[in-house]
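Engineer: using only what follows, build the 3D model:
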Amino acid sequence: MKKLKVLSTLILLSLLFAHCKSEEKSVDFKKLTNNYFDDKNALSPFDATLNGQNQYNDQLVLDMTDSYRKQQAQFFDKYQTELSKVDLEKLSAEEKNSYEIIKWEIEVGKQILKQPTNLMPLQQFWGTHLTMSQFASGTAAQPFKTEKDYHNFLKRIDLYSVWIDSAIVYMKKGIDKGMVLPKSLTIKVIPQFQEILTPKVEDNLFYSTIKTFPANFTEAQKSNLSKEYAAAIQEKLMPQYQNMITFLKTEYLPASRSTSGIGSIPNGKEIYAAYVKQWTTTTKTPNEIHKIGLKEVARLNAEMEKVKVQVGFKGTLKEFLNDVRNKKELKPFTTPEQVIANFQKIYATIKPNVDKLFSLQPKTKFEIRRTEAFREKTASAEYVQGAVDGSRPGIFYVPIPNAREYNVLEDEDLFLHEAIPGHHFQMSLQQENTNLPNFRRYNWFGAYGEGWALYTESLGKELGLYKDPYQYLGMLNDEIHRAIRLVVDTGIHSKGWTREQAIQYSLNNEAESEASITSEVERYMAIPGQALSYKIGQLKIIELRQKASKELGAKFDIKKFHAMALESGVMPLALLENKINAWIQSSK
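Structural biologist: As a prediction, this is how the structure comes out:
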């Protein structure tokens, strides 16, 4: 009897323990993902604005400060703890993806946070100073429809003036520790601040929206806001811009480094390894990626040789590429409007064929625009996603600093990549999918997002393009450009290549002007690892399509494959591979 009592007590205790354990694990996963999204937005209010989360439109973070980095660390620790309480068995397949994505972001975020990257808070390609200029123009994501909208941006201007102070403080710390930009990049940053200075406040970029008030504003509203903006520009922004220019010229430029790659600075190899993991979402090493790049460059060079023979060019491939760079027939335009009209024509050509490849298509509207003048000189063509509520279309921006020198060689594949069915399809479908938690609807992984866009360039013939051999060459040239990135990015940051070496290697292998290649190489110098994402992602998507086609045979449906690849939005490549493999198995 005693034995039975003891046994029953033990059973009760074990049941109680199991119950406690399940209680411990019974986290509301939907609530967790919602909180994760809110906390991410609070840490990245510019991204929140871009994603249409307008409650953050008056905020700006001092992202280089120790206090901000402490907030980031607390954010990672908090969600690492929250994830440990989740019962994976109770999650659906899509929820498991969400779990794995959060887990991955925390792991990589912590790895990057260990490195003193905050001592270089400024570069010429992207960042707070460029985003604020874009927002100030009134043509980007920052809304200017109500009086509150205008006051939101005034608050951002206040914080931005403090941001400039903080950037100078941390760049001085960077000088002391040898964590500085290469000289060639500092030289590019200085004009970005100089161009904002204007003798008259009315001519200032930050005054732009005062000239385009909504029609329903009263005269009193217009008068008050005009005065407030003029005061903010004259008393806060312009003195700070002048301070930054003086600092960059007199202190930072002389201290800037002569080396090109991040591998040459303290902790450089560890920093680059973290960035490579972040941007490729793989465990591939810089050396492995370098070899993949060399192999792809050789393959694509052989394809370009075929086009050279097809068009009857006598000479070496390098001579052919130089000829293409300067060919008058490929520079047919005299005005920016003609460049934009050519993209409209490409859009009209593919429209009837898109339905043959894509059952899943976005509702978000789409526009083609010329890049704004203030950033056109240093900008690449790009896509900026639209707002889910339809208030802003997806926009394909094309820089046209000189229409007479504009070469049409890559226009067809550029449209496929940046617009349809590239970034516009991928980003819009992701945002529109209300079955995904918000943190995924507005998320980004370069290897998936850029990999998808590069993959879509290969669909040109199926979409009615590349009938002209030069346009097909343009596609090959853009693809080899991404393969070159694998070689050059790893070369600069892990093999000690100089800026000049990287420029020469690119000139030897692609039909781009020296000015364009120089700008590209300086981009890789500014954002190590980002350029690796395109080709690594594209190769994985092509590999998965080939695998599905081979294993499913007659059952393979290209529309279904594209829907499967797009429906869940961006994710690390290993998760995409798991998803496609599961679809292949279930389709057999």
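
Engineer: buried sites along the strand or helix carrying E296?
Structural biologist: Per DSSP states H and E: E296 is located in helix 286-310. Buried residues in helix 286-310, counting neighbours by 16 or more other Cβ atoms under 10 Å, are found at P286, I289, H290, I292, G293, E296, V297, L300, N301, M304, V307, K308. For glycine as for every other residue, the C-beta is placed from the backbone atoms N, C-alpha and C.

Engineer: name the nearest of those residues relative to T65.
Structural biologist: Using Cβ to Cβ, the shortest approach to T65 within the buried residues of helix 286-310 belongs to P286, at 30.1 Å.

Engineer: which residues touch the closest one?
Structural biologist: Contact analysis of P286 by Cβ atoms under 8 Å, 6 or more residues apart in numbering lists Y272, A273, V276, T490, H493, S494, K495.

Engineer: from V180, how far out is the nearest residue to the fifth one once chain neighbours are set aside?
Structural biologist: This points to H493. Excluding the flanking residues, the one nearest H493 by Cβ to Cβ, 6 or more residues apart in numbering is G261, at 4.2 Å. Distance, G261 to V180, by Cβ to Cβ, to the nearest Å: 13 Å.

Engineer: please identify which of these two sits among more neighbours.
Structural biologist: Taking other Cβ atoms under 10 Å, G261 and V180 do not tie; G261 has more neighbours (26 against 20).

Engineer: could you point out which element follows the host helix or strand of Y36?
Structural biologist: Using DSSP H and E, Y36 falls within helix 29-43. On the C-terminal side of helix 29-43, the closest following helix or strand by DSSP H and E is helix 45-50.

Engineer: what is the mean pLDDT for the helix holding E296?
Structural biologist: Helix 286-310 shows a mean pLDDT of 97.

Engineer: now do the next helix or strand after that helix: which elements does it pack against?
Structural biologist: Note on helix 286-310: by DSSP H and E, the next helix or strand toward the C-terminus is helix 317-326. The criterion is 3 or more Cβ pairs under 8 Å, 6 or more residues apart in numbering; DSSP states H and E, and the helices and strands that helix 317-326 contacts are helix 286-310, helix 469-494.

Engineer: distance to E105 for these - can I get that in a markdown table?
Structural biologist: Formatted as a markdown table, the helices and strands packed on helix 317-326 follow (distance: least, Cβ to Cβ, whole Å):
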| stretch | distance to E105 |
| --- | --- |
| helix 286-310 | 21 |
| helix 469-494 | 22 |
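
Engineer: nearest to Q74, of those helices?
Structural biologist: Nearest of the helices and strands packed on helix 317-326 (Cβ to Cβ): helix 469-494, 30.0 Å.

Engineer: where do the helices sit along the stretch 201-350 of the chain?
Structural biologist: Ranges of helices within the stretch 201-350 of the chain are 219-231, 238-247, 253-255, 268-280, 286-310, 317-326, 336-357, based on DSSP state H, counting those that start in this stretch.

Engineer: whichever of the contacts of P286 end up buried, select them in PyMOL.
Structural biologist: To isolate the buried members of these in PyMOL, using 16+ other Cβ under 10 Å:
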select buried, resi 272+273+276+490+493+494
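
Engineer: residue ranges with poor pLDDT in the stretch 1-150 of the chain?
Structural biologist: 1-26 (pLDDT under 70).

Engineer: repeat that for 50
Structural biologist: 2-4, 6-7, 10-13, 15-23 (pLDDT under 50).

Engineer: with the stretch 451-588 of the chain instead?
Structural biologist: For the stretch 451-588 of the chain (pLDDT under 50), the answer is none.

Engineer: pull the longest helix from this protein.
Structural biologist: In terms of residue count, the longest helix belonging to the chain (DSSP state H) is helix 147-177.

Engineer: in terms of secondary structure, what does the following helix or strand past that one contact?
Structural biologist: Sequence-wise, the next helix or strand downstream of helix 147-177 (DSSP H and E) is helix 183-194. With contacts defined as 3+ Cβ pairs under 8 Å, 6+ apart, helix 183-194 has these neighbours: helix 128-136, helix 238-247, helix 253-255, helix 514-526.

Engineer: the last one vs helix 469-494, what angle?
Structural biologist: In terms of direction (axes from the mean of the first three to the mean of the last three Cα atoms, to 10 degrees), helix 514-526 departs from helix 469-494 by 40 degrees.

Engineer: can you list contacts of helix 514-526?
Structural biologist: By Cβ under 8 Å, 6+ apart, the list of residues contacting helix 514-526 from outside reads 123-125, 181-182, 184-185, 188, 260-261, 378, 380, 481, 485, 488-489, 492-493, 499, 502-503, 506-507, 510, 512, 530-531.
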